[in-house]
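Chemist: Here is a sequence with its predicted model. Questions after.
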Amino acid sequence: MANKYDFGLIGLGVMGRNFILNVVDNGYTAFGQDLNAEKVQALIDEGGDINKVSASTDAQTFVDSLSIPRKIMLLVPAGKVVDIVIENLLPMLDTGDIIIDGGNSFFTDTDRRETYLKGKGINFFGAGVSGGAKGARRGPSIMPGGSREAYQYVKPIFEAVSAKYMGEPCVAYLGPKSAGNYVKMVHNGIEYGMMQLTSEIYDLLKKAGGLTNAELHNTFGEWNKGRLQSFLVEITSEIFAQKDDLMDGDLIDVILDKAKQKGTGKWTSQNAMDLGIPVPTIDIAVTMREISALKDERIKADELYDRPKPASFDKSDLIAKAEHALYFAFITSYAQGMHQLSDASKEYGYDLDLAEIAKIWRAGCIIRAALLADITKAYMSDSTLENLLLSNDFVPKVQGTVAAVRELVAYGATNGIPLPGLSNALTYFDAFTSKRLPLNLIQGQRDYFGSHTYERTDREGIFHTEWDA
């Protein structure tokens, strides 16, 4: 073949097709591969010019169509499928070729694959891609990690296709090994937290304030013009305006309240526990999706127990306090995720630049928000910042909102409106900002029944007491 294509992509579902067309729109040629002939033809038809973009169901044709070193991105389901695709490719590749896993692979799988492929002379790195199908087409946030040298071959393409924030590409090399997949995992954990928080504020406004869907549409729309400006607030506003195309009424009212998940939020929560980093807003977001799945049990329980009727709450006052609460909770969700990234960077040798991560999240990705400009500034001012809540820039932001959070959490508890994400955000804040916690009693208990020892406040050393029975 006389003319070789610049970039290859395996997995021509909606994400893959959109990403490869984005590559072509930005001046590069691309070749796709998928076992589904209809998906292959759909790409060719939409591309319109096979000199710029083409595809095949045949792996050998795909590999032979790419320029050297081959740059092959996988957008296939995480897990065994990635390993199967890699094994199928290996006999056809040459030393120095590059495989990029663009899916939500677990970070330890990425480490394993990089080590395995390095031994075979193949460069491998994981690149988290956020922005959904529309982001893949118009410009996602991309989080690559792995071989810095190999990334240089892909860097011009990724910078061209990524979202732009004030002209800056929302992509950056993040670190060695699985740094990219790890950052994407935590990104998704923060996303879980923000989605849960947004749903709770919706529930509160509807039950306590009686807001109609039209009023909810307008409220979130107004919030999106201010400090809560974000992708999630924007689409929340739009969701409340969507009419049902199957019957009269608003679509939101007929969507079943069972939220599904693909596992990245759970991975974030589990790994945070392994590291010893508290991320309660993310933890409860995962738990609430699990509780939501118990629909039949919830219906039975609802019939067994009395629930208080929510007391009236002035609508305008509620809207104002809810805006404060969501802003506060978004900050704590980011704070927890960034804290986890900071600790993981040390534990796994990623050498992450938290300011750089916040920068590439400012556009394209699901958790993009105006807040990220402030977060970027905070970490640029102090690269050793241990927690966002310790930033002098964020202290007044939190101080000005926490009173509203306390009022709404108390209202929810009294009136039977579950606000677990908001209450966990508040509890996290109160615990993190407490000079002294009652965990001295727990240490006493542990020493009493298990001789686990304890430390003292008045002298150095490790102590054990023979407790009086």
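Modeler: Perfect, I can see it now.
Chemist: Run through the helices of the stretch 351-469 of the chain in chain order.
Modeler: Remark: helices assigned in the stretch 351-469 of the chain by DSSP state H, counting those that start in this stretch are 354-360, 371-381, 395-399, 402-415, 420-432, 439-450.
Chemist: State the mean pLDDT of the stretch of helix or strand Tyr192 belongs to.
Modeler: If you go by DSSP states H and E, Tyr192 is part of helix 179-209. Average pLDDT, helix 179-209: 96.
Chemist: now do stretch 150-157
Modeler: Here the average pLDDT along stretch 150-157 is 94.
Chemist: Just the residues contacting the helix-or-strand element of the chain with minimal mean pLDDT, thanks.
Modeler: In the chain, the helix or strand scored least confidently by mean pLDDT, DSSP states H and E is helix 132-138, which has a mean of 89. If you take CB atoms under 8 Å, 6 or more residues apart in numbering as the criterion, helix 132-138 is touched by 14-16, 18-19, 21-22, 129, 131, 141, 163, 364-366. C-beta here means a position set from N, CA and C on the backbone, and glycine is covered the same way.
Chemist: Burial check on Ala163, number of neighbours?
Modeler: Applying other CB atoms under 10 Å, we find 23 residues neighbouring Ala163.
Chemist: That one and Gly13: what is the separation?
Modeler: 20 Å (CB to CB, to the nearest Å).
Chemist: next one: His217
Modeler: Distance check for His217 against Gly13: by CB to CB, it reads 31 Å.
Chemist: do the same with Leu246
Modeler: 25 Å.
Chemist: These two: which has the busier surroundings?
Modeler: Neighbours per residue (other CB under 10 Å) separate Leu246 from Gly13, with Gly13 holding more: 14 against 7.
Chemist: who touches the residue nearest to Met288 when sequence neighbours are not counted in this structure?
Modeler: Leaving aside its chain neighbours, Met288 sits nearest to Gln196 (5.6 Å; criterion: CB to CB, 6 or more residues apart in numbering). Gln196 sits next to 281, 284-285, 288, 420-421 when contact means CB under 8 Å, 6+ apart.
Chemist: mind putting those residues in JSON lines, pLDDT, distance to Ser434 and neighbour count included?
Modeler: Converted to JSON lines, the contacts of Gln196 look like this (pLDDT from 0 to 100; distance: CB to CB, whole Å; neighbours: other CB atoms under 10 Å):
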{"residue": "Thr281", "pLDDT": "97", "distance to Ser434": "17", "neighbour count": "31"}
{"residue": "Ile284", "pLDDT": "97", "distance to Ser434": "20", "neighbour count": "23"}
{"residue": "Ala285", "pLDDT": "96", "distance to Ser434": "23", "neighbour count": "31"}
{"residue": "Met288", "pLDDT": "95", "distance to Ser434": "25", "neighbour count": "19"}
{"residue": "Pro420", "pLDDT": "97", "distance to Ser434": "21", "neighbour count": "20"}
{"residue": "Gly421", "pLDDT": "97", "distance to Ser434": "20", "neighbour count": "29"}
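Chemist: Looking at those, point me to the pair that's furthest apart.
Modeler: Farthest pair in the contacts of Gln196 (CB to CB) is Thr281 and Met288. Separation: 10.7 Å.
Chemist: list residues touching both of those two?
Modeler: 196, 421.
Chemist: can I see the domain layout of this protein?
Modeler: With domains defined by automatic domain parsing, the chain comprises 7-177, 184-432, 437-469.
Chemist: Derive a PyMOL selection command for the buried subset of the contacts of helix 132-138.
Modeler: The PyMOL command for the buried members of these (criterion: 16 or more other CB atoms under 10 Å) is given here:
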select buried, resi 15+16+18+19+21+22+129+131+141+163+364+365+366
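Chemist: In strands, which of the contacts of helix 132-138 fall?
Modeler: Using DSSP state E, the subset of these located in strands is 129, 141.
Chemist: Can you tell me which of the contacts of helix 132-138 is nearest Ser147?
Modeler: For the contacts of helix 132-138, the nearest to Ser147 is Val129 (18.0 Å; CB to CB).
Chemist: Do I have it right that the closest one meets Phe19?
Modeler: Yes. The criterion here is CB atoms under 8 Å, and Val129 meets it with Phe19 at 7.3 Å.
Chemist: overlap in contacts of the two?
Modeler: Counting by CB under 8 Å, 6+ apart, the contacts common to Val129 and Phe19 are 75, 102, 136, 140.
Chemist: Please report the distance of the second one from Cys365.
Modeler: Read it as Gly102. 14 Å.
Chemist: Surely Met143 forms part of a helix?
Modeler: No. Using DSSP: H, G, I helix; E, B strand; the rest coil, the assignment for Met143 is strand, not a helix.
Chemist: re earlier: comparing the helices of the stretch 351-469 of the chain, which stretch has the densest surroundings?
Modeler: helix 354-360 (a mean of 23; mean count of other CB atoms under 10 Å).
Chemist: what's it in contact with?
Modeler: Against helix 354-360 from outside (CB under 8 Å, 6+ apart): 141-143, 162, 165, 168-172, 174, 183, 338, 341-342, 372, 375-376, 379-380, 383, 385.
Chemist: Any quick PyMOL command for the buried ones out of these?
Modeler: Buried members of those, defined by 16+ other CB under 10 Å, are picked up in PyMOL with:
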select buried, resi 141+142+143+162+165+169+170+171+172+174+183+338+341+342+372+375+376+379+385
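Chemist: I'd like the helices of the stretch 351-469 of the chain written out as TSV, with distance to Gly48 added.
Modeler: Shown next, in TSV, are these (distance: least, CB to CB, whole Å):
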stretch	distance to Gly48
helix 354-360	31
helix 371-381	36
helix 395-399	49
helix 402-415	53
helix 420-432	46
helix 439-450	64
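Chemist: Out of these, the one nearest Gly119 is which?
Modeler: helix 354-360 (29.9 Å).
Chemist: and that closest one, C-alpha only, in PDB?
Modeler: In PDB, the C-alpha atoms belonging to helix 354-360 read as follows (Å, rounded to 0.1, in the frame of the first residue of the first chain):
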ATOM      1  CA  LEU A 354      -2.000  17.900  40.300                       C
ATOM      2  CA  ALA A 355      -2.100  21.400  38.700                       C
ATOM      3  CA  GLU A 356      -1.600  19.800  35.300                       C
ATOM      4  CA  ILE A 357      -4.400  17.300  36.000                       C
ATOM      5  CA  ALA A 358      -6.800  20.000  37.000                       C
ATOM      6  CA  LYS A 359      -5.900  21.900  33.800                       C
ATOM      7  CA  ILE A 360      -6.700  19.100  31.500                       C
END
